[in-house]
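1. Everything below, folded, please.
(3 chains)
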Amino acid sequence: MASGNTLDVPLHEEPHHDGEPRRRDFLNIAAVSVAGVGALAIVVPLINQMNPSADVLALATTEVDLSKVEAGQGVVVSFRKQPLFVRNLTPAEISAADKVDIKSLRDPETLEQRTRGQKNWLITLGVCTHLGCIPQGITSGEDRGQFGGYFCPCHGSQYDTAARIRKGPAPKNLLVPDYKFTSPTTVVVG
Amino acid sequence: MSFPWAKHYEPKSGFTKWIDQRLPLPRLVYGAVGAGYPVPRNLNYFWNFGVLAGAALAIQIVTGIVLAMHYAANGGVAFDSVEHIMRDVNGGWFLRYAHANGASMFFVVVYIHIFRGLFYGSYKAPREMIWLLGVTIFLLMMATAFMGYVLPWGQMSFWGAQVITGFFSAIPVVGETIRIWLLGGYAPDDAALNRFFSLHYLLPFVIAGVIILHIWALHIPGSNNPTGVDVKGEQDTVPFHPYYTAKDGFGLGVFLFIFAALLFFAPNSLGHPDNYIPANALQTPAHIVPEWYFWPFYAILRSFTADFLFIPAKLLGVLAMFGSILILFFLPWLDSSPVRSSNYRPLYRIFFCVLVVDVLVLGWVGGSEISPFKVALGQITAAYYFAHFLIILPIVSRAERPQPLPNSITEAVLAKKGGTSPAHTALSGSPVPAE
Amino acid sequence: MVRAIAILIGAGIVACLAWALFGTVSGAITDPAPPTAVEEFHRHPKDVELASNGLLGTYNERQLQRGLQVYKEVCSNCHSLKHVAFRDLTQLGYSAGQVKKFAADWAVKAKQFDPKSGDTTERPNTPADYFPAVYYPGTGNPPDLSLITKARHEGPAYVYSLLTGYQDQPAALLKHFPDAKVPDGLYYNPYFANLNLAMPPPLTQDGQVTYLDGTKSTVDQNAKDVAAFLTWAAEPNLPARHGYGLAVLGFLLLFCVLSYGAYQNIWRDIKH
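-> Prediction:
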């Protein structure tokens, strides 16, 4: 516990012309700067811990086996903890969707644009774009609404066979997630 | 504050003037840990540990808050949620190891802080209130640490909760009722785990509040110093900032270096392997020990192996264990010596050193498995612990002839540097310049 | 007055402890605890040389892969590994595709509950799944191995020693402690806490596991590899921890040097 210097000279009488004080002050500035860098660095893990954890990220993609879904049927798969509607459209449903004049739509998109090469596989999130309810119609026997697609019971939004909004309060078509076919009967979503 | 030469905060810009008239927080900080707080110029490195304790608490609170975002206080999932933090949460292992080892660092720092106070008589008038608040903080820390150790819900967590709440069952008549009330059941389970989590989150903020009182009380008489002699004038002090902020910055660096070495290279060295086994109410670990910072007190508890007169051994052990801490509340009145610093108390100094060794031995005994030799050693050291405070201190403080005290801090400083250059002695009486 | 009371109380406590000490000492002399078989025959784990040992330890991917193979072919029949997910195996140097196949091929399938029918059905594991629970039909309770090397003193050495430590009960033990004969259905192992273990020797002969990387498969090698694998399973972040640790210590060292310099600089004119 000893400072090497034993002089008891008041600071303001320190000679300021020999360049010495500037070199010394550099030390103070460097120490404070390094402390600042350290303080910033420690914030990184504190913020990053709120990002999705590894187990959540592991479920960011979902593989769906299409081989058991017959034409006219649909399945609900869990994708990122949300329902994913996978529907195998019948030729009649496809032509019904194609016949619609897209200029008349609230959210104009063709079935072509809403599928990935194979027009019969309609894959959308099962989350109504109005206020987030799960629409009915994916399982056979449920109310599909007057356009034969999906019907949201919460506020009466009606979707057609391309899952486009046709009637009711929802502003957008059901969302099509990123996905790609890894084989003719397998699709990887996310 | 109470020093007439303390500098006063002078807001320079219009903005700081505006703030100062409405919420003089900068003024408060300036007076508390800024240039407005004159501190004895001769403090040694042992005076770093107060600030370090504050830093340790801050680390615990910050890491604790983020861990609580991932932890689940339910017996079925608590253990798994901790493993989830360790494996899957981004940087989770770092945060959890920091929190677990941070608790140990906090206690190391606080123990050194306490022994600093004991050696230099920092508990004596007019600083009794600082000491009393400090002992209160220590008690709160122990409660917080105990409840925190229960949360991972491993074997040591569970059985620690079982044993420690069992202390209360030693109380005659109402003991068992109190124990069941504490646990919200007949054994540690979800109810206990959940309330421990709640209190573990609450108490650190209570500690922070008591620390504010502790520092407030410190600013009335000002800091003690290695000579124990009162500050006589401006030449005896330097402003806290930049002198002690710089010194504390260096101290903090060393503290963090040791902390990081522990955290990154030996994070489980102070823990117990059994706490990586999920809690099992039907199987007691072969060797139950608390965390190391409780070992001396655990040794005192275990030393009371025989009933005495009409009092059962179990009650004696529990009373003695709590008593060993509560005794500290009476310390300012047990030690009647007018001299603060042990540097000038030749007899007390010896007993102080014996006490340090005694507490270390108690700790070793408390952390070991029981054998007749260790029990006997624990009984001897426990007896010394109580004798030190209750018998030796009151007698020594009367009987001892203190060595002559320096007239002032400045005189002591110059005497220590003695022979460097007499020419400077004349200068040294001059006031220390203010920045 | 305070001090008089204190001295009185202090004398009481010291008397109480002296009385207890007398009991301890006389008890130790008149009625010494007899030695036990565990005290005399329990052995400290043998040291095992692993890449993860030491302050800068890291993992040897090939050894972890061999250890995984031993776990899969030997341990996993009875012991679960529930805190480890299949996706974690990419840390062993496997590609995502290999991990996917490994998970799908795992013998115990993932359970899934169908809320509509109320049935629990099985499906192949995916990388996102954790190693499934193991149904153990026998008596006893094989512990989960995810944390075993952290849940035992000197865990890696303990696992290695236990697996290679099975032997016949020493004659000297039976001579001194005739009542300590190994109970039926248990196996003598000096590295186990109470010497008698319900687990039959899992690694019995060299070549029990055929290593894919051509390493000679001996009991000793199998035990070492699985100890390494379980060390990884318990502390998968160890290499990252050591790496960050070095960087942080270097940074803090720099800060210590600079802040010491600043401290000396600021105090240079103050005698203290």
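2. So which residues of chain B form strands?
-> Secondary structure of chain B (DSSP state E): strands located at B:38-40, B:237-239.
3. what's the first one in contact with?
-> In this case it means strand B:38-40. Contacting residues not belonging to strand B:38-40 are listed as B:3, B:5-6, B:222-225, B:231, B:234, B:236-240, B:243-244, B:409 [Cβ atoms under 8 Å, 6 or more residues apart in numbering or on different chains]. From N, CA and C alone the C-beta is placed, and that goes for glycine too.
4. What subset of the residues you listed is buried?
-> Among the contacts of strand B:38-40, those that count as buried by neighbour count (16 or more other Cβ atoms under 10 Å in any protein chain shown) are B:3, B:6, B:222-225, B:231, B:234, B:236-240, B:243-244, B:409.
5. just checking: which of those residues also lie near chain C?
-> When contact is defined as Cβ under 8 Å from any Cβ of the partner chain, the buried ones among the contacts of strand B:38-40 meet chain C at B:238, B:243.
6. quick one: contacts for residue 63?
-> Picking chain A for this. Shown in contact with residue A:63 (Cβ under 8 Å, 6+ apart): A:182, A:186-189, C:126.
7. meant chain C actually
-> Neighbouring residues of residue C:63 by Cβ under 8 Å, 6+ apart: C:50-51, C:224-225, C:228-229.
8. and those, which of them are in strands?
-> Going by DSSP E, the strands hold none of those.
9. most surrounded residue in those residues?
-> Neighbour counts for these, by other Cβ atoms under 10 Å in any protein chain shown, peak at residue C:228, which reaches 30 neighbours.
10. per-residue confidence for that one?
-> pLDDT for residue C:228: 97.
11. ok so, going back, in helices, which of the contacts of strand B:38-40 appear?
-> Of the contacts of strand B:38-40, the ones assigned to helices by DSSP state H are residue B:409.
12. quick one on the thing from earlier: got TSV for the strands of chain B, with mean pLDDT too?
-> What follows is the strands of chain B, written out as TSV (pLDDT from 0 to 100):
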stretch	mean pLDDT
strand B:38-40	96
strand B:237-239	95
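13. quick one: which of those strands is nearest residue B:262?
-> strand B:38-40 (30.1 Å; Cβ to Cβ).
14. And the closest one, what's buried?
-> By 16+ other Cβ under 10 Å, the buried positions in strand B:38-40 come out as B:38-40.
15. repeat for stretch A:112-131
-> A:114-115, A:119-130.
16. can you give me the helices for the chain?
-> Let's take chain A. A:20-48, A:54-58, A:91-99, A:111-114.
17. wrong one, I was asking about chain C
-> So, for chain C - with DSSP H - the helices run C:2-30, C:37-41, C:61-73, C:96-105, C:155-164, C:171-176, C:219-234, C:238-266.
18. okay if I get these as CSV plus distance to residue C:196?
-> What follows is those, written out as CSV (distance: least, Cβ to Cβ, whole Å):
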stretch, distance to residue C:196
helix C:2-30, 29
helix C:37-41, 10
helix C:61-73, 24
helix C:96-105, 36
helix C:155-164, 13
helix C:171-176, 11
helix C:219-234, 20
helix C:238-266, 33
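19. Below-threshold pLDDT in chain A: ranges please.
-> A:1-23 (pLDDT under 70).
20. Got the domain ranges for it?
-> As given by automatic domain parsing, the domain ranges for chain A are A:11-48, A:56-189.
21. Quick check: pLDDT value at the residue nearest to residue B:293 when sequence neighbours are not counted.
-> Leaving aside its chain neighbours, residue B:293 sits nearest to residue B:107 (3.8 Å; criterion: Cβ to Cβ, 6 or more residues apart in numbering or on different chains). Confidence at residue B:107, expressed as pLDDT, is 98.
22. My read is that residue B:107 contacts residue B:144, right?
-> No - look at residue B:107 against residue B:144 with Cβ atoms under 8 Å: they stay out of range, at 11.0 Å.
23. Show the backbone phi and psi for the residue of the stretch 51-200 of chain C found nearest chain A.
-> As assessed by Cβ to the nearest Cβ, chain A sits closest to residue C:128 within the stretch 51-200 of chain C, at 3.9 Å. In terms of degrees, to the nearest 10, the main-chain angles of residue C:128 are phi -70, psi -20.
24. With adjacent residues omitted, what lies nearest to residue 126?
-> Went with chain A since none was named. residue A:83 (3.5 Å).
25. I was thinking of chain B, sorry if that wasn't clear
-> Leaving aside its sequence neighbours, residue B:126 sits nearest to residue B:221 (Cβ to Cβ, 6+ apart; 4.6 Å).
26. roughly how far apart are the one you found and residue B:57?
-> 23 Å (Cβ to Cβ, to the nearest Å).
27. Which one's more surrounded, those two?
-> residue B:57 (22 against 16).
28. domain parsing for chain C?
-> With automatic domain parsing as the criterion, the domains of chain C are listed as C:1-33, C:44-59+C:145-264.
29. most tightly surrounded among those?
-> Highest mean neighbour count among those (mean count of other Cβ atoms under 10 Å in any protein chain shown): domain C:44-59+C:145-264, with a mean of 18.
30. which residues touch the nearest residue to residue B:134 once chain neighbours are set aside?
-> Spatially, and ignoring its direct neighbours in sequence, residue B:134 is nearest to residue B:214 (5.9 Å; Cβ to Cβ, 6+ apart). Counting by Cβ under 8 Å, 6+ apart, residue B:214 touches B:130, B:133-134, B:137.
31. Who wins on neighbours among these?
-> Going by other Cβ under 10 Å, residue B:134 tops the contacts of residue B:214 with 25 neighbours.
32. Could you check how many residues crowd around residue B:300?
-> Number of residues near residue B:300 (other Cβ under 10 Å) recorded here: 29.
33. And for residue B:260?
-> Using other Cβ under 10 Å, residue B:260 has 21 neighbouring residues.
34. of all the residues in the stretch 1-150 of chain C, which ones are close to chain A?
-> C:85, C:87, C:126-128.
35. sorry, back to before: redo the domains of chain C as a markdown table? Include distance to residue A:35.
-> Formatted as a markdown table, the domains of chain C follow (distance: least, Cβ to Cβ, whole Å):
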| stretch | distance to residue A:35 |
| --- | --- |
| domain C:1-33 | 47 |
| domain C:44-59+C:145-264 | 6 |
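36. Can you list the buried residues in the lowest-mean-pLDDT helix or strand in chain C?
-> Ranking every helix and strand in chain C by mean pLDDT, DSSP states H and E puts strand C:110-113 at the bottom, with a mean of 87. Neighbour counts over strand C:110-113 (16+ other Cβ under 10 Å) mark residue C:110 as buried.
37. Spatially, which two of the contacts of residue A:63 are the most separated?
-> Across the contacts of residue A:63 (Cβ to Cβ), the longest gap, 14.9 Å, separates A:187 and C:126.
38. More neighbours: which of the two?
-> Just comparing residue A:187 and residue C:126: by other Cβ under 10 Å the higher neighbour count belongs to residue A:187, 21 against 18.
39. who's in contact with that one?
-> A:63-64, A:66, A:86, A:121, A:123, A:179-181 are the contacts of residue A:187 under Cβ under 8 Å, 6+ apart.
40. What is the burial count for residue B:316?
-> Close neighbours of residue B:316, defined as other Cβ under 10 Å, add up to 24.
41. I'd assumed residue C:17 was in contact with it.
-> No - assessed by Cβ under 8 Å, residue B:316 is found out of contact with residue C:17, at 9.2 Å.
42. Quickly list what's touching both of these two.
-> residue B:304.
43. show me the contacts for the residue nearest to residue A:126.
-> Taking Cβ under 8 Å, 6+ apart, one finds A:76-77, A:125-127, A:134 in contact with residue A:83.
44. How much space separates it from residue A:65?
-> From residue A:83 to residue A:65 the distance is 17 Å (Cβ to Cβ).
45. Up against chain A, what does the stretch 151-300 of chain B have?
-> Residues of the stretch 151-300 of chain B lying near chain A (Cβ under 8 Å from any Cβ): B:246, B:249.
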